[in-house]
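sequence? don't have it. structure:
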Ligand SMILES: Nc1ncnc2c1ncn2[C@@H]1O[C@H](COP(=O)(O)OP(=O)(O)O)[C@@H](O)[C@H]1O
Ligand SMILES: [Mg+2]
């Protein structure tokens, strides 16, 4: 996917200023930057949840903001997976039911995915009985169940301790490296950056590559 010359403002304030970003299949990139610098705004644009004031965003050589609303909705549904800081699980559904609810392809193997994420012993548990790390891994599974080509995560480790955060970051980067997805993760935690291929910093609305 590719962003070109993307700018966006809120209330006359320029939040993103001529952003260019290319993420290849198989690549995991991290985005860092101070609070309020526009990281989430950038991620919402990538997630087709917000149309930028200016610039283009293409997936599979197609300008997605050129598509009509319905085509864009379907693209978002099929090709984008989101993970947030909190898992936001549905309180009265078991782990397996959380995935069944949104699974599009009846043959997609939710159980197998949950086993891969280390949740084999939690399939029939309700969210209240899970640890923070387990809940977040269910949120990752939910983002992956429909095999999206683009996986977006907004501070997915912020509510976890180091070990659990690390595990979630590794699962995300594996999606790029083993499954060929494009992964974009916003993180505050410098200790997690090594699992990503590139680190980009948002400063004053622009995106700069950080050298390791
Ligand atoms: N829906 C909105 N309406 C008005 N201002 C917004 C909105 N969303 C974000 N902003 C502003 O845009 C700036 C960037 O916000 P955000 O993208 O959430 O930054 P970050 O994720 O880096 O903390 C902030 O100044 C924020 O107040
Ligand atoms: Mg944010």
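Arrived safely. Bear in mind that the values here come from a model prediction, so they are computed numbers and not experimental data. Ligands and ions are numbered 1, 2, ... in the order given.

contacting residues for residue 27?
The neighbours of residue 27, taking C-beta atoms under 8 Å, 6 or more residues apart in numbering as the test, are 176, 182, 183, 197, 198. For glycine as for every other residue, the C-beta is placed from the backbone atoms N, C-alpha and C.

Excluding chain neighbours, give the residue nearest to the first one in space.
Leaving aside its chain neighbours, residue 176 sits nearest to residue 28 (3.9 Å; criterion: C-beta to C-beta, 6 or more residues apart in numbering).

center of the chain, which residue is that?
Nearest to the mean C-alpha position of the chain, by C-alpha atoms, centre = their mean, lies residue 152 at 1.4 Å.

what is that residue paired to in the beta sheet?
Counting by DSSP bridges, residue 152 forms beta bridges with residue 82, residue 184.

Read off the pLDDT value for residue 212.
We have a pLDDT of 64 for residue 212.

my bad, residue 106
Residue 106 is given a pLDDT of 78.

next one: residue 116
So, for residue 116, pLDDT stands at 89.

Now do it against residue 11, distance only.
44 Å (C-beta to C-beta, to the nearest Å).

same question, residue 22
In terms of C-beta to C-beta, residue 22 sits 30 Å off from residue 11.

all helices of the chain, in order?
39-46, 69-79, 95-102, 110-116, 132-144, 162-177 (DSSP state H).

To ligand 1, which of those helices lies closest?
Among the helices of the chain, the nearest to ligand 1 by C-beta to the nearest ligand atom is helix 39-46 (3.2 Å).

got a list of contacts for that closest one?
Contacts for helix 39-46 (C-beta under 8 Å, 6+ apart): 1, 3, 6, 8, 10, 15-16, 19, 31-33, 50-52, 57, 80, 150, 152, 154, 184, 186, 202, 207.

go again using 6 Å as the cut-off
15, 31, 33, 50, 52, 152, 154, 186, 202 (C-beta atoms under 6 Å, 6 or more residues apart in numbering).

returning to that earlier point: got the confidence number for the residue nearest to the centre of the chain?
At residue 152, pLDDT is 98.

ditto for residue 134
Confidence score, pLDDT, at residue 134: 97.

Can you tell me how far it is from residue 119?
6 Å.

do the same with residue 170
15 Å.

which bits of this structure sit near ligand 1?
10, 11, 15, 33, 35, 36, 37, 38, 39, 40, 41 (C-beta under 6 Å from any ligand atom).
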